[in-house]
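Asks: Pasting a predicted model and its sequence here:
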Amino acid sequence: MTSTLTISRLTKRFQGVEALAEVSLDLGPGMRVALLGHNGAGKSTMMKIILGLIPFDAGEVRVCGAAPGSSQARMQVAYLPENAAFHPALTGEEQIRHYLSLRGESPRRAMELLERVGLAKAARRRIGTYSKGMRQRVGLAQTLIGRPRLLVLDEPTSGLDPVSRRDFYALLDGLAAEGAAILLSSHVLTEVEARTDRILILSQGRLVAEGTLAELRRRAALPVGLTVTPADGAAGALAAALPQARLAGDGMLHLACAQDEKLGLLARIAGLGAQVADLDVVPPSLEDICSHFSRRDGQ
Ligand SMILES: Nc1ncnc2c1ncn2[C@@H]1O[C@H](COP(=O)(O)OP(=O)(O)OP(=O)(O)O)[C@@H](O)[C@H]1O
């Protein structure tokens, strides 16, 4: 299968700052990949290089087999910035018609694109009256012009409410199902957990982890949390039976154990019978995993 995006040992320096150091990755059609990392980790720099907006110092980048920024690559890539801005006096339809004309496509496709992103009803309203979620959807409609094979989305859901975020990811799922590769950065880790196929973690310009969430979870080998709800009046007896547990103000007992100790501990707690009203297993979150891999020396 031909790669949509190939990056090999990419290095970029800004006046002595190594923004990217020997980063390699490969994105195939239909892959939804999240690019995560602390502020200044190198995410935007990587996106700018993929878009051909800035040069790089070493390594290789191919977008659908072409050099970034070349006309062949630009035809295949679409970009959505964090805060897509449009002329407030134009309607959604006028804005998209304008972009279609710029790309040499028929402006008649505007309504089809706006329908695709759920904006058909608002298409004839001025963008100045749109909510932030609606403006992001105009941006997404714009990125769909020309059927790009790679979508580069920089914090696309920042500032969106949970329902708008869910709708936005549902749209991305549809595009990925049609074969578009999606590279998106986000600081909202809970949404990334559920809606992407692979996760890349950058830290200080280095790719410190890459894989599915399950793979990263296994590699990080972080402790698993267990929360035990005692039956009425059984908190004291349970705490005595589980001396490693912490009895919290909410009346729950909290424990942590290594992955390979989990089943044994679950069996022990189940053996306490009617004293236990409920039991929840809390796996390490993507946030825990990210900070584990991004941990800087001395921290
Ligand atoms: N034009 C520039 N001149 C000098 N240094 C730069 C420039 N652009 C980025 N940098 C530096 O390169 C590093 C990576 O920055 P980058 O913007 O790629 O990070 P980021 O992961 O996108 O961060 P954020 O999550 O805050 O957007 C940082 O140390 C930043 O200060």
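Replies: Happy to help now that I have it.

Asks: List every C-alpha atom in the lengthiest helix in the chain, with coordinates, as CSV.
Replies: Looking across the chain with DSSP state H, the single longest helix is helix 162-177. Presented in CSV, the C-alpha positions along helix 162-177 are these (Å, rounded to 0.1, in the frame of the first residue of the first chain):
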residue,chain,number,x,y,z
PRO,A,162,-18.8,18.0,23.7
VAL,A,163,-21.6,17.5,21.2
SER,A,164,-19.9,19.6,18.5
ARG,A,165,-16.7,17.6,19.2
ARG,A,166,-18.5,14.3,18.8
ASP,A,167,-20.1,15.5,15.5
PHE,A,168,-16.8,16.7,14.3
TYR,A,169,-15.1,13.4,14.9
ALA,A,170,-18.0,11.5,13.3
LEU,A,171,-17.3,13.6,10.2
LEU,A,172,-13.6,12.7,10.3
ASP,A,173,-14.5,9.0,10.7
GLY,A,174,-16.5,9.3,7.4
LEU,A,175,-13.6,10.9,5.6
ALA,A,176,-11.1,8.3,6.9
ALA,A,177,-13.5,5.5,5.8
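
Asks: Packing partners of it?
Replies: strand 32-37, helix 132-143, strand 150-154, strand 181-185, helix 189-195 (3 or more CB pairs under 8 Å, 6 or more residues apart in numbering; DSSP states H and E). In this view, the C-beta of every residue, glycine as well, is placed from N, C-alpha and C.

Asks: Do a quick rundown of the helices in the stretch 1-150 of the chain.
Replies: 43-51, 71-74, 92-102, 110-116, 132-143 (DSSP state H, counting those that start in this stretch).

Asks: just the residues of the stretch 1-150 of the chain that are near the ligand, which are they?
Replies: By CB under 6 Å from any ligand atom, the residues of the stretch 1-150 of the chain that approach the ligand are Phe14, Gln15, Val17, Ala19, Gly37, Asn39, Gly40, Ala41, Gly42, Lys43, Ser44, Thr45.

Asks: what sits against the closest residue to the fifth one other than its chain neighbours?
Replies: It stands for Gly37. Of all residues not flanking Gly37 in the chain, Leu202 sits nearest, at 3.6 Å (CB to CB, 6 or more residues apart in numbering). Leu202 is in contact with Leu20, Val23, Leu35, Leu36, Gly37, Ala41, Gly42, Lys43, Met46, Val208, counting by CB atoms under 8 Å, 6 or more residues apart in numbering.

Asks: What's opposite the second one in the beta bridge?
Replies: This means Val23. Leu10 (DSSP bridges).

Asks: What is the burial count for it?
Replies: Using other CB atoms under 10 Å, the number of residues around Val23 comes to 25.

Asks: again, but for the fifth one
Replies: Burial measure for Gly37: 23 neighbouring residues, criterion other CB under 10 Å.

Asks: Give the full set of residues in contact with it.
Replies: Neighbouring residues of Gly37 by CB under 8 Å, 6+ apart: Lys43, Ser185, Ile201, Leu202, Ser203, Cys290, Ser294.

Asks: How is the chain divided into domains?
Replies: The chain breaks down by automatic domain parsing into domains covering 5-218, 223-283.

Asks: if I look at Leu266, how far off is Thr143?
Replies: For Leu266, the distance to Thr143 (CB to CB, to the nearest Å) stands at 46 Å.

Asks: who's more crowded, these two?
Replies: Thr143 (22 against 15).

Asks: That one and Tyr79 touch, don't they?
Replies: Yes - with contact defined as CB atoms under 8 Å, Thr143 reaches Tyr79; the gap is 6.9 Å.

Asks: anything in contact with each of these two?
Replies: Leu151, Leu153.

Asks: And for stretch 2-9, what's in contact with it?
Replies: 22-29, 31, 46, 50, 58-65, 76, 149-150, 181, 183.

Asks: Return the set of buried residues in that stretch.
Replies: Judged by neighbour count (16 or more other CB atoms under 10 Å), stretch 2-9 contains these buried residues: Ser3, Thr4, Leu5, Thr6, Ile7.

Asks: how far is it from where the chain is centred?
Replies: 19 Å (CA atoms, centre = their mean, to the nearest Å).

Asks: worst-scoring helix or strand of this protein, pLDDT-wise?
Replies: Here the helix or strand of the chain ranked lowest by mean pLDDT, DSSP states H and E is helix 189-195, holding a mean of 80.
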